[in-house]
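**Student:** build the 3D model from these lines:
(one chain, ligands or ions: 1)
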Amino acid sequence: MNRRAILKGALGGVLGLTLPPFARYAFSQESPAVVPVSEGFVMLTGAGGNVLVRTASTGQVLVDSGAAEFTAVLKRLRELPGAGRVTTVFNTHWHREQVGGNLAFGRLGATIIAHEKTRAHLATDYYLWAEDRYEKALPAEARPTVTFFVGDQTLAGDKRIKYGHLLEAHTDGDIYVFFRDANVLAAGDAISPLKDPVLDWFGGGWLGGRADAQEKLLKLSNAETRIVPSYGPVVGRAELQAEFDMTRVLFDRMLDLVRKGMSAQDMLDAGLMKDLSRTFRDPFRFTYDAYKGYWAHHNSLSPDLL
Ligand SMILES: [Zn+2]
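**Tutor:** Purely as a prediction, here's the structure:
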């Protein structure tokens, strides 16, 4: 019996009932689940990051493509309207759990759309500071073919789809994708309803950018909008508002504390996380990453957001 079979045997029947949703994501290895989002839209979960799919007999549009090891994504898409004919893939950012299926879909002729920074990251060997190693550039067919730098865009050939930059919300290449007629908004990792928010400070994300991005997402949405994150469940505007409010509290508190010259641990000891609307699994990691991001912006620190 291999390790996976043992895991399944030991955990199988009780997994779905006893573990919190986040843990279920971690264990659903080879068969992404299909979660309804809205009419004509589903989300594939358990394939690295969430994959949002607009299904249609004329072809499918994806937001993010999962992690490379989850080859069952394409199999799942073949079972949905459009039968795996993917015309367009958006990448919300360049982390590998969002772009792993790019090679397969690029080879099948899909247009891959992303921020220019995402293309640049994927076209170059990239140093992972936490692991002290380089991640290899992706093959040419896996890289975005349509990119932009600033502002909001409308998809050529389908004006129902709007997309745009979320400056430094999580990395330096974050975008949203808004399906206007269906009121479905893919927010990538600029929101984090389930996991601790992640700020890839080495890759250009910081708390000020995250606050701005969440404010922008609030402006795009209304009470009926279905908002799809990179990880966790589909949420509504109320959850987005709650996360934005928390982000602003953290931003203001940290701005004050960083000006006092505090370290990340000092900030935690001084009550940075006190009475927030949610608790963090790893408060130090979040605080350290946010703190590093502030120092990357120390010349522009002011009471105003960027
Ligand atoms: Zn990410």
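
**Student:** against the ion, how distant is M262?
**Tutor:** Distance of M262 to the ion, given as CB to the ion, to the nearest Å: 27 Å. C-beta here means a position set from N, CA and C on the backbone, and glycine is covered the same way.

**Student:** tally of neighbours for the closest residue in space to that residue that isn't next to it in sequence?
**Tutor:** Nearest residue to M262 in three dimensions, chain neighbours excluded: A270, at 6.5 Å (CB to CB, 6 or more residues apart in numbering). Counted with other CB atoms under 10 Å, residues neighbouring A270 total 14.

**Student:** go on, F148?
**Tutor:** F148 has 16 neighbours, counted by other CB under 10 Å.

**Student:** A130 now?
**Tutor:** Count around A130 with other CB under 10 Å applied: 7.

**Student:** and if you look at the one 5 residues further on?
**Tutor:** The local packing count at E135 equals 14, with neighbours defined by other CB under 10 Å.

**Student:** OK, contacts around it?
**Tutor:** R96, D125, Y126, Y127, L128 (CB atoms under 8 Å, 6 or more residues apart in numbering).

**Student:** where is pLDDT lowest across those?
**Tutor:** Lowest pLDDT within the contacts of E135 is found at L128 (88).

**Student:** pretty sure D196 sits against T287.
**Tutor:** No - the pair D196 / T287 is not scored as a contact, 10.3 Å apart, by CB atoms under 8 Å.

**Student:** which of the two has more neighbours?
**Tutor:** Comparing D196 with T287 by neighbour count (other CB under 10 Å), the higher total belongs to T287, at 23 against 15.

**Student:** for that one, which non-adjacent residue is closest in space?
**Tutor:** A264 (4.5 Å).

**Student:** can you give me the neighbour number for R107?
**Tutor:** 11.

**Student:** again but with K159, I slipped
**Tutor:** Each residue near K159 was counted by other CB under 10 Å, and the total is 10.

**Student:** please name the nearest non-neighbouring residue to V258.
**Tutor:** Y294 (4.7 Å).

**Student:** for the helix or strand where that neighbour lies, output the C-alpha coordinates as CSV.
**Tutor:** If you go by DSSP states H and E, Y294 is part of helix 283-296. Output of helix 283-296 as CSV, limited to C-alpha atoms (Å, rounded to 0.1, in the frame of the first residue of the first chain):
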residue,chain,number,x,y,z
PRO,A,283,0.1,36.0,13.1
PHE,A,284,3.9,36.3,13.0
ARG,A,285,4.2,35.3,9.4
PHE,A,286,1.5,37.8,8.3
THR,A,287,3.0,40.6,10.4
TYR,A,288,6.6,39.9,9.2
ASP,A,289,5.5,39.9,5.5
ALA,A,290,3.5,43.1,6.0
TYR,A,291,6.4,44.7,7.8
LYS,A,292,8.8,43.9,5.0
GLY,A,293,6.4,45.4,2.6
TYR,A,294,6.3,48.6,4.5
TRP,A,295,10.0,48.9,4.4
ALA,A,296,9.9,48.5,0.6
